[in-house]
Structure formats: structure tokens, C-alpha cells
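Colleague: here is a sequence with its predicted model. Questions after.
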Amino acid sequence: MTTGAPPPDDHGFAGNLLTTTTVPAHQRRAYWRDALSITFGAVDMSVPQEVNSGTIRTAPLGRLQVTTVDGDPLEARRTRRLIAQGDEDEYVVVKLLSKGVARLEQDARDVGVRPGEVFIYDMARPVRLILPECFQTKALVLPRQVLGLSESDLRQITASPIRFDTALGGLLSILVSRLADTAGSYRPHTGELLARNVVDLLTALADEQLGRTSEGTPSGDAAMLLRIRSFIGRHLADPGLTPEVIARAHHISVRYLHKIFEGQDTTVSRWIQSRRLEACRRDLLHREAANRTIIAVAHRWGFTSAAHFSRVFRAAYGMSPSEWRDSHKRQGAVGR
């Protein structure tokens, strides 16, 4: 596809830009569909027969990607077939609707979204997003493991718009909007620090939505837990990730580390193992990983023993890793 040149008055935006501004009218629809595909991967996009304008801005922020989209009405659908084809299921999208209205379907929820609200969806499961009028969205795309949430927890917060008139919701709305406007202008180290702060805020918001806010938990412990879970997500693939390493990185004792996790009804080691198992389970479904051995997948996420991996996988999911992969191959052969 031929990339349109950025307009000269784009407010000094530092990042990648795709725009229909310089594209002839009769080529805009094809250009816009290509631009959306380049940005969002394996997603079925329905756009109007006549596209008047569309702009996509993307820029990195640490391990996150910040994306702003301005455009005409569209519908985006990610099916099980498309999930199997692409490699975007490692990501979670946190999106602010700045202009227009939206309808979002995921995890048996069908909700309307108003301007100023933030919503979350998981690229690992089917999702449908309808934007019936001209719109603007600003989004953070982040690797799911950095959130430190289990899959069951994540399912509970998707397709649940976060109101902008709540304390955390208002803060998140402002933060996403500001980062979308300034992303690409930060030095790498500053971008990484900002990304960590975003993850901490998202984790706090998820805990609030899941009803985990406890008045008896000291705020210092809660803040430390957020930082530790984010740290674990960033270092999940390291087989040397131990309680001692985590404690040392946060300048606390191992005893204090274990005390913090006691309030979560788990241990540090079990938390790490459960996150690794979820990462392996997703990898085993990747078409990209079809030729990768099961032990290679296990090693990728920090497991060093094939026997141990197989044992804990069966305990968690009721079948062996090979049975899991085979059962989903058979499901994939059936119509989605």
C-alpha cells in the first residue's frame, strides 16, 4: 500500500502516521482498510463504501504501544478463526472513546460506551467493536502478562466501561488521553517509567473492579504489591525469577514479600507458576508455534523441567499439554 504523507500541521507528532489526507478519493477506502489491518492485525474491519477521512497515529511507550485513531464509522470483529491466524492474542487493549459512541461485545457482555469512558478488551478472545458515527479513540496496547492478572480476573473486567466521573476512572481517562497526545516524544527511560506507572494504575483499577480493595490493607503494602506483580510480568520468562530476586529488586526482605502475598490467598511461587502456565497455554494455541515443541514453549516461559511442567499443567487444566494442543487443533478444524 502507498503510505500517505503526514500533513504538515500535525502538531509535531513524533511517531508513525497513516492518513488518508493525501490519498485520492477513489483510493481512500482500500488505503484505509490496509492501514487498519497494518495497525490491528487479524481483525475483520467493515468500513463505509466511501471513506472521507482517517488517521492513525502510533508510538511506543516502554513496552506499551499508544494508538490514536480518527475516522468514519466502522465495525471491527475478531473471531476465533482470526485469533488462530494472528499473533496478537498476547495483548490487552485499554481504549478511551474521545469522540462518538461505541458498542462493545466480549465475554457475554454487550455494552454501550460514551465519550470520556475507558474500556478494556482482550485480544485472546472474540470481540466485536461497533463505532456507528465519526469517532476518535486513544488506546494503550500492552502485553497481558505485565498486568499480573489471571485469565479469570481479566474476563471479569473486559467490556465493562469505566466511568470518567469515578476517581480512578477520571484519572485513567486523562492519563490515556495525555499519553496518546505526547507518546513518541519521551526518552526511552522516561517512557519505560511512565509505562510502569500506567500498569500500576490499571492493576489498582482492576483490583477495585474485582472488589479486592481492602480497608485493612496498608496502602504501602498495596502499592508494593502492584509494583511486584508488574515486575513479575516483565520477567516471567526468566527461570531465575525467585522470591529472593524479587525481594532484592524491591529492597525488601523475603519475609515481607511473603507477607504481602498472604493477603492474596497465594504465595509468590504459586503466583509466578500460574502466570507462566497461562502464558504456555496461550502459546500452545498459536499457529506461529505449531512447529515448536511443547518443551520449547515451556522453556520460553521459565520452566526448566519437562516433567514438572507437564505435571503442573495437568493439575491446573485437567489434561496434558499435548492433549490441550490436540483438542484445540480439532476444534479449529470445525467451523468457527
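Modeller: Happy to help now that I have it. Values in this document were obtained by computation on a predicted structure and should not be read as measured data. Numbers count the residues shown, from 1 in each chain.
Colleague: just say helix, strand or coil for the residue nearest the centre of the chain.
Modeller: Against the mean C-alpha coordinate of the chain, by C-alpha atoms, centre = their mean, the closest residue is Val92 at 1.6 Å. Per DSSP: H, G, I helix; E, B strand; the rest coil, the secondary structure class of Val92 is strand.
Colleague: burial count for the closest residue to it other than its chain neighbours?
Modeller: Nearest non-adjacent residue to Val92, counting by C-beta to C-beta, 6 or more residues apart in numbering: Arg144, 4.8 Å away. (Each C-beta comes from the backbone N, C-alpha and C, glycine too.) Residues within reach of Arg144, counting by other C-beta atoms under 10 Å, total 21.
Colleague: who's in contact with Arg144?
Modeller: 90-92, 122, 124, 154 (C-beta atoms under 8 Å, 6 or more residues apart in numbering).
Colleague: go again with 10 Å.
Modeller: Arg144 sits next to 89-92, 122-124, 151, 154, 233, 275, 278-279, 282 when contact means C-beta atoms under 10 Å, 6 or more residues apart in numbering.
Colleague: so how far is His308 from it?
Modeller: Per C-beta to C-beta, to the nearest Å, Arg144 is found 24 Å from His308.
Colleague: what of Glu50?
Modeller: Taken as C-beta to C-beta, the span from Glu50 to His308 is 58 Å.
Colleague: partners of Phe135 in the sheet?
Modeller: Gly71 (DSSP bridges).
Colleague: where exactly do the strands run in this protein?
Modeller: Taking DSSP state E as the criterion, the chain carries its strands at 16-19, 44-46, 54-61, 64-71, 74-78, 91-99, 102-106, 109-113, 118-122, 127-131, 135-143.
Colleague: any weak-confidence spans in the protein?
Modeller: 1-14, 212-220, 223, 287-290, 329-336 (pLDDT under 70).
Colleague: okay, the contacts of Arg144 in CSV with distance to Asp110 next?
Modeller: Output for those, formatted as CSV (distance: C-beta to C-beta, whole Å):
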residue, distance to Asp110
Asp89, 21
Glu90, 25
Tyr91, 22
Val92, 19
Asp122, 16
Met123, 18
Ala124, 19
Glu151, 21
Leu154, 18
Gly233, 30
Arg275, 30
Glu278, 26
Ala279, 29
Arg282, 25
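Colleague: and these, which two are furthest apart?
Modeller: Farthest-apart pair in the contacts of Arg144 is Met123 and Arg275; separation 17.4 Å (C-beta to C-beta).
Colleague: list the buried residues for stretch 92-101?
Modeller: Residues of stretch 92-101 classed as buried: 92-98, 100 (neighbour count, 16 or more other C-beta atoms under 10 Å).
Colleague: can I get that stretch as PDB, trimmed to CA atoms?
Modeller: In PDB, the C-alpha atoms belonging to stretch 92-101 read as follows (Å, rounded to 0.1, in the frame of the first residue of the first chain):
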ATOM      1  CA  VAL A  92      -4.800  -6.400  26.100                       C
ATOM      2  CA  VAL A  93      -6.200  -3.100  24.800                       C
ATOM      3  CA  VAL A  94      -7.200  -0.200  27.100                       C
ATOM      4  CA  LYS A  95      -9.200   2.300  25.000                       C
ATOM      5  CA  LEU A  96     -10.600   5.700  25.600                       C
ATOM      6  CA  LEU A  97     -13.500   6.900  23.500                       C
ATOM      7  CA  SER A  98     -12.800  10.600  22.900                       C
ATOM      8  CA  LYS A  99     -15.400  11.300  20.300                       C
ATOM      9  CA  GLY A 100     -18.500   9.400  19.100                       C
ATOM     10  CA  VAL A 101     -20.300   6.500  20.600                       C
END
